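Visitor: Can you look at this prediction? I've put the sequence above it.
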Amino acid sequence: MSDPMSTDGDRRPESRDRRRDARLVATGVVAVLLVWFALSNLQDVQIHFWVHTTRAPLVVVVAIAVGLGAGVILLVSRFIRRRPSHEEAE
């Protein structure tokens, strides 16, 4: 039976705890910054489409732009991974 305190290679259980704690702190800082950004950008902005103009809070416009950008990156990365390389084709 394996010892729960045994090391996995060079990693000690303490280093995993530190890494997890660092991720939690970083996630908390990012969350606070996002909330601060959202609360400081509540003013309405005018958005011009090709034939239509509308108004929306700036934070909503930024969130939509980030979502669309992330979607494009996800689609491109999936396309690149599925595409066979030249070495595999030969």
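Guide: On my side now, so go ahead. Residues are numbered from 1 along each chain as shown.
Visitor: Domain map for the protein?
Guide: 12-41, 42-90 (automatic domain parsing).
Visitor: now these as CSV including mean neighbour count and mean pLDDT?
Guide: (Glycine included, C-beta is placed from N, CA and C.) Below are these laid out as CSV (neighbours: other C-beta atoms under 10 Å; pLDDT from 0 to 100):
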stretch, mean neighbour count, mean pLDDT
domain 12-41, 11, 88
domain 42-90, 10, 86
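Visitor: residue nearest the centroid of this structure?
Guide: Nearest residue to the geometric centre of the chain (C-alpha atoms, centre = their mean): residue 70, 8.0 Å.
Visitor: distance of that residue from residue 76?
Guide: Per C-beta to C-beta, to the nearest Å, residue 70 is found 11 Å from residue 76.
Visitor: Please enumerate the helices of the protein.
Guide: For the chain, the helices defined by DSSP state H cover 13-40, 58-82, 86-89.
Visitor: among the ones you listed, which is nearest residue 51?
Guide: Closest approach to residue 51 among the helices of the chain is made by helix 58-82 (18.4 Å; C-beta to C-beta).
Visitor: Can you spell out which helices and strands pack onto the closest one?
Guide: The contact analysis (3 or more C-beta pairs under 8 Å, 6 or more residues apart in numbering; DSSP states H and E) places helix 58-82 against strand 44-48.
Visitor: partners of the strand it packs on, with directions?
Guide: strand 53-57 (antiparallel) (DSSP bridges).
Visitor: Figure out how far the partner strand is from the centre of its chain.
Guide: 26 Å (C-alpha atoms, centre = their mean, to the nearest Å).
Visitor: Could you do stretch 29-48 as well?
Guide: 17 Å.
Visitor: Regarding it, how distant is the last residue from the first?
Guide: Stretch 29-48 has its terminal residues 34 Å apart, counting by C-alpha to C-alpha, to the nearest Å.
Visitor: what residues are up against residue 14?
Guide: By C-beta atoms under 8 Å, 6 or more residues apart in numbering, the contact set of residue 14 is empty.
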